[in-house]
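**Student:** sequence first, then the predicted structure:
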Amino acid sequence: MQFQQSNLFERAHKFSIRRLDYAFGRLYDSRKSIRTEFVQHPDELEINSPNIEHAVEYQPTPSFLFRSMLAPVEGPFSDLTFIDLGCGPGRTLFLAQDLGFKRCVGVELSPLLCRAAEENISNSPAATREAIEIVQADATNFSIPNDDCVIFMFEPFEQEVMKQVAQNIISSSSKPRSRATIIYYHPSSDWIFANNDAFQRLRYPAWQKSFLAAFAEHGVSAFAIR
């Protein structure tokens, strides 16, 4: 009976988090006059690449958790470039621009989602249009800008592609760069980074860790390039 009650509580908790996430997401989209609160299956993404078999469905990043996910990032955001690998229609780019990142770059392989992102940007004020850039590219060979940066990922691909992406990040980090932080939401393949000496796991402050443990259904990991 105790196990059944625990399982029932866990399901109710997850349902509540999803409803809260959806409500905040719809509110954010409405406030920004954008459309990012939807789910898109890989078969619908118009991707013409061998990596399509390792793609996962698009889901929006929870807007109310985004700032907490960035807790390990050092220094003012205004000095950093924000890069989202697998940006979809661009929600995190708008969230990052709200926080004052000097530049926001979204990398997306799907032509469908690139068009959705560009449409969202076109409906935005001039300052937002100037700060956000969409690049249709494969994250495995995308040339990461030679800036101090935050690299964000929301489980955009399966582990076979993630291995290549990690290697691309390492190769890019051979350029002169003082800071590069990786924020990985829904980190089902974070062992790729944790078991690689090129990366160092970052810890979250205690209260942020507790908050994310309670509300980030999929978990989040953070790494720095050594």
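**Tutor:** Received it, and whenever you're ready, just let me know what you need.
**Student:** next SSE downstream of the lowest-mean-pLDDT helix or strand in the chain?
**Tutor:** Ranked by mean pLDDT, DSSP states H and E, the weakest helix or strand in the chain is helix 2-32, scoring a mean of 78. Where DSSP states H and E defines the elements, the next helix or strand beyond helix 2-32 is helix 66-69.
**Student:** which strands or helices does that next one pack on?
**Tutor:** helix 91-98, helix 206-215 (3 or more Cβ pairs under 8 Å, 6 or more residues apart in numbering; DSSP states H and E). Backbone N, C-alpha and C define where each C-beta goes, glycine included.
**Student:** contacts for stretch 25-40, please.
**Tutor:** Contact partners of stretch 25-40, identified using Cβ atoms under 8 Å, 6 or more residues apart in numbering, comprise 22, 57-60, 62-63, 88-91, 94-95, 110, 112-113, 116, 119-120, 123-124.
**Student:** that one: end-to-end distance?
**Tutor:** 16 Å (Cα to Cα, to the nearest Å).
**Student:** that one: which residues count as buried?
**Tutor:** 25, 28-29, 32, 34-37, 40 (16 or more other Cβ atoms under 10 Å).
**Student:** and that stretch, how far out from the chain middle?
**Tutor:** Centroid separation between stretch 25-40 and its chain, computed with Cα atoms, centre = their mean, to the nearest Å, is 16 Å.
**Student:** before we move on, back to that, of all the helices and strands packed on helix 66-69, which lies closest to Ile183?
**Tutor:** helix 91-98 (9.5 Å; Cβ to Cβ).
**Student:** show me what the very next helix or strand once past that closest one pairs with in its sheet, parallel or antiparallel.
**Tutor:** Sequence order places strand 103-108 as the next helix or strand after helix 91-98, per DSSP H and E. With DSSP bridges as the test, strand 103-108 is paired with strand 81-85 (parallel), strand 132-136 (parallel).
**Student:** pick the most deeply packed of the ones you listed.
**Tutor:** strand 81-85 (a mean of 27; mean count of other Cβ atoms under 10 Å).
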